[in-house]
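Chemist: Okay, structure incoming, though there's no sequence with it:
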């Protein structure tokens, strides 16, 4: 079953994509998880498409029709969405973790750089004060 709370139900859902962009601004971790789920769904859809194409030579002309092919494609799209919401292969969770860890590393590096600048500023101010008092020459 597809999670109704997810902002994007399909990668064709443009209003859901706008909701996801807004969510990314307010809650990046949840947005990363949703993007990971959508990526996993797209990957699964590609797997299903490859399976359909590989089994094409084995189909008989008796039971094939354009309507059946369209139904099979839509069915696989829905199955891939449901599988990604449940984390069937774990690719979405892995991708979300990678994005979140990269974001955390970048934030840590930014804090380190800011702290380093602060210490350099304090050091230069201390040297200026000490030289003005005649301690340093």
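Modeler: Alright, I've got the coordinates. From a predicted model like this one, the values you see are computed outputs, not experimental measurements.
Chemist: What pLDDT is listed against residue 5?
Modeler: The predicted local confidence for residue 5 comes out at a pLDDT of 55.
Chemist: correction: residue 118
Modeler: What the model reports as pLDDT for residue 118 is 78.
Chemist: need the helix or strand of the protein with the lowest average pLDDT.
Modeler: Comparing helices and strands within the chain by mean pLDDT, DSSP states H and E singles out helix 14-26 as the least confident, with a mean of 71.
Chemist: Mind listing what's buried along whichever helix or strand comes after that one?
Modeler: Later in the chain than helix 14-26, the nearest helix or strand by DSSP states H and E is helix 28-55. Of all the residues in helix 28-55, those buried under the rule 16 or more other C-beta atoms under 10 Å are 30-45, 48. To be clear about C-beta, it is placed using only N, CA and C from the backbone, and glycine gets the same treatment.
Chemist: neighbours around residue 69, how many?
Modeler: 13 (other C-beta atoms under 10 Å).
Chemist: which residues of the protein score low on pLDDT?
Modeler: Residue ranges of the chain with pLDDT under 70: 1-14, 16-17, 20, 135-137.
Chemist: what's near enough to touch residue 102?
Modeler: Applying C-beta atoms under 8 Å, 6 or more residues apart in numbering, we find residue 102 in contact with no residue.
Chemist: what about it, helix or strand, and which?
Modeler: helix 91-132.
Chemist: now that helix and helix 28-55, what's the angle there?
Modeler: Note on geometry: by axes from the mean of the first three to the mean of the last three C-alpha atoms, to 10 degrees, helix 91-132 and helix 28-55 are set 140 degrees apart in direction.
Chemist: Please name the nearest non-neighbouring residue to residue 80.
Modeler: With C-beta to C-beta, 6 or more residues apart in numbering as the criterion, residue 80 has its nearest non-adjacent residue at 3.6 Å, and that residue is residue 44.
Chemist: Also residue 87?
Modeler: Counting by C-beta to C-beta, 6+ apart, the nearest residue to residue 87 once its immediate chain neighbours are dropped is residue 93, at 5.5 Å.
Chemist: Please report how far that neighbour lies from residue 85.
Modeler: In this structure, residue 93 and residue 85 are separated by 12 Å, where distance is defined by C-beta to C-beta, to the nearest Å.
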